[in-house]
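> Here is a sequence together with a model predicted from it:
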2 protein chains.
Amino acid sequence: MPMPMPKATYHHGDLRAACVRAAMELLDEGGETALSLRAVARRVGVSPAAPYRHYPDREALVSAVAAVGYRELAEQLAAAHPSPSTPEQMASVAIAYVQFALERPALFRIMFGEPCDRDNDERVAATAAVSLYLREIVVRSFPDADPESLATAIWALVHGLAFLHLDGKLDARTPAAVADRVTGAIRALLSTARVGVRSPGRR
Amino acid sequence: MPMPMPKATYHHGDLRAACVRAAMELLDEGGETALSLRAVARRVGVSPAAPYRHYPDREALVSAVAAVGYRELAEQLAAAHPSPSTPEQMASVAIAYVQFALERPALFRIMFGEPCDRDNDERVAATAAVSLYLREIVVRSFPDADPESLATAIWALVHGLAFLHLDGKLDARTPAAVADRVTGAIRALLSTARVGVRSPGRR
DNA sequence: GCCCAGATGTTAGCGGCGATCACATTAGCA
DNA sequence: TGCTAATGTGATCGCCGCTAACATCTGGGC
């Protein structure tokens, strides 16, 4: 932990990382509207223009925060179950996904609900990681299925559940009810679908 | 059609509706960032403070726009198929849902991807309408299934597909590929799930 | 027909924000 | 040691959301 004293030096030391940390805090505390470059600069204790040395614009900083978010989401999923294979284990991962969205709504919206910068390298790499994690699970659990479409369907289902809860379209007042609903949906899809059969006409 | 001449009268006539229309245009033309109360006022040809007589703040106007969006979404779904019952018909409705998101991304994000004003009456009513439309389809098609959970699962799946395409997590470059993917996912869920069997332990 | 109350629109202005520029300070390398 | 590029500062621009005080119009009661 460098920088214990306020303003001991002219240069910050690691302003780039400090900005991301401050931005994440602001996001979790006050929602997306609270995340401004100026607020970040204030929190870090630096002039309003300083962050522009490290991020060309606000969107770049947001993308960096989103990238961290993808990593943290991946961690939370892995913590729910390191390598799920049964529908029940996969349901627990799905619940973790939805809970992540509900616990950190502003971050989740930054990650998925924005006209994001698709060319941001950090960002595409981080989302590719989540995508891969999902696909590995699918491949391991359903070796005979088309991993592409099955992984897509599962991701879409869980992702949709997350957003619908987040927007109040589904009742998210108690975590237990949410978990119940997610489990039900996953079970309905996975335990009854004949996932070993590839649907015709798909590459 | 009143108001053909620019500024013939002091009062506008129907500023409230004109604001929503202008806001929708700005949204479709320039994305969410282009939607500001001042820009709306400019487009309507009125002073920057005038809209505040009809909307207490920006969020209220956004909610009004979102409510219109829900209605237009419902129309587009109904246009895809007035009363779908087979999986194929339902797939066409799902494709319309995703296409709506891709054709009008800013509007779609306004509708679903924002820390929305859940207490806005117009808004809750409009989303309830979409929800009802979906549930009716489910009830008609699968009378023995639990409409609550099945409708939820289907909505979540389609909604998730829409968002993942919108954010570039799934390739949305050609409409045909999108339609293919949506059809595949719907078919996988609906033609193989034993939807007549209620899962245990759910109210 | 008149007149006033309330609804609607205007003007001016506050503070915050993103962004840019010229300038100050510093670190690291030759 | 001294120079250059990286990093941080201060000032400034234009846009935004929002508010307050003021102007204008409309409609209903007499």
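Thanks, I have the structure now. In this text, all values refer to a predicted model and were calculated from it rather than measured experimentally.
> quick one: the residue nearest the centre of chain A and DNA strand C, what's the gap?
With distances taken as C-alpha atoms, centre = their mean, the residue of chain A nearest its centroid is residue A:70 (4.1 Å). Plainly put, residue A:70 is 22 Å away from DNA strand C if you go by C-beta to the nearest atom of the strand, to the nearest Å. C-beta coordinates here come from the backbone N, C-alpha and C atoms, glycine included.
> That residue: what's it in contact with?
Contacts here follow C-beta atoms under 8 Å, 6 or more residues apart in numbering or on different chains; on that basis residue A:70 touches A:111, A:123, A:126, A:127, A:129, A:130.
> How about whichever strand or helix holds the fourth one, which residues are buried there?
When elements are defined using DSSP states H and E, residue A:127 is found to belong to helix A:121-141. For helix A:121-141, a neighbour-count test (16 or more other C-beta atoms under 10 Å in any protein chain shown) marks A:122-124, A:126-127, A:130-131, A:133-135, A:137-138, A:141 as buried.
> ditto for stretch A:82-98
For stretch A:82-98, the buried set under the neighbour-count rule, 16+ other C-beta under 10 Å, comprises A:84, A:87, A:89, A:90, A:91, A:92, A:93, A:94, A:95, A:96, A:97, A:98.
> and those as JSON lines, adding pLDDT and distance to DNA strand D?
Written out in JSON lines, the entries for the buried residues of stretch A:82-98 read as follows (pLDDT from 0 to 100; distance: C-beta to the nearest atom of the strand, whole Å):
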{"residue": "A:84", "pLDDT": "91", "distance to DNA strand D": "42"}
{"residue": "A:87", "pLDDT": "84", "distance to DNA strand D": "46"}
{"residue": "A:89", "pLDDT": "91", "distance to DNA strand D": "45"}
{"residue": "A:90", "pLDDT": "90", "distance to DNA strand D": "42"}
{"residue": "A:91", "pLDDT": "92", "distance to DNA strand D": "41"}
{"residue": "A:92", "pLDDT": "94", "distance to DNA strand D": "41"}
{"residue": "A:93", "pLDDT": "94", "distance to DNA strand D": "39"}
{"residue": "A:94", "pLDDT": "95", "distance to DNA strand D": "36"}
{"residue": "A:95", "pLDDT": "96", "distance to DNA strand D": "36"}
{"residue": "A:96", "pLDDT": "97", "distance to DNA strand D": "35"}
{"residue": "A:97", "pLDDT": "96", "distance to DNA strand D": "32"}
{"residue": "A:98", "pLDDT": "97", "distance to DNA strand D": "30"}
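> Filter those residues down to just the ones in helices.
Among the buried residues of stretch A:82-98, the members found in helices (DSSP state H) are A:87, A:89, A:90, A:91, A:92, A:93, A:94, A:95, A:96, A:97, A:98.
> contact partners of the helix or strand bottoming out on mean pLDDT in chain A?
For chain A, scoring each helix and strand by mean pLDDT, DSSP states H and E identifies helix A:121-141 as the least confident one, at a mean of 84. Among residues not part of helix A:121-141, those counted as contacts by C-beta under 8 Å, 6+ apart are A:63-64, A:66-67, A:70-71, A:73-74, A:77-78, A:83-86, A:90, A:93, A:116-118, A:145, A:147-148, A:150-151, A:154-155, B:169.
> Can you flag which of those belong to helices?
For these, membership in helices holds for A:63-64, A:66-67, A:70-71, A:73-74, A:77-78, A:90, A:93, A:147-148, A:150-151, A:154-155, with DSSP H as the criterion.
> now the residues you listed: which count as buried?
Buried subset of these (neighbour count, 16+ other C-beta under 10 Å): A:63-64, A:66-67, A:70, A:73-74, A:77, A:90, A:93, A:147, A:150-151, A:154-155.
> Just flag the most distant two among the residues you listed.
Using C-beta to C-beta, these reach their maximum pairwise distance at A:64 and A:150, which is 31.9 Å.
> returning to that earlier point: and the residue nearest to the centre of chain A, how far is that from residue A:106?
15 Å (C-beta to C-beta, to the nearest Å).
> okay if I get the buried residues of helix A:121-141 as JSON lines plus distance to residue B:42?
Written out in JSON lines, the entries for those read as follows (distance: C-beta to C-beta, whole Å):
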{"residue": "A:122", "distance to residue B:42": "37"}
{"residue": "A:123", "distance to residue B:42": "34"}
{"residue": "A:124", "distance to residue B:42": "37"}
{"residue": "A:126", "distance to residue B:42": "39"}
{"residue": "A:127", "distance to residue B:42": "37"}
{"residue": "A:130", "distance to residue B:42": "42"}
{"residue": "A:131", "distance to residue B:42": "42"}
{"residue": "A:133", "distance to residue B:42": "47"}
{"residue": "A:134", "distance to residue B:42": "46"}
{"residue": "A:135", "distance to residue B:42": "48"}
{"residue": "A:137", "distance to residue B:42": "51"}
{"residue": "A:138", "distance to residue B:42": "51"}
{"residue": "A:141", "distance to residue B:42": "56"}
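> Among those, which pair sits farthest apart?
Maximum pairwise distance among those (C-beta to C-beta): 29.6 Å, between A:122 and A:141.
> So which residues on chain A come close to DNA strand C?
Counting by C-beta under 7 Å from any atom of the strand, the positions of chain A adjacent to DNA strand C are A:9-11, A:36-39, A:48-49, A:52, A:56-59.
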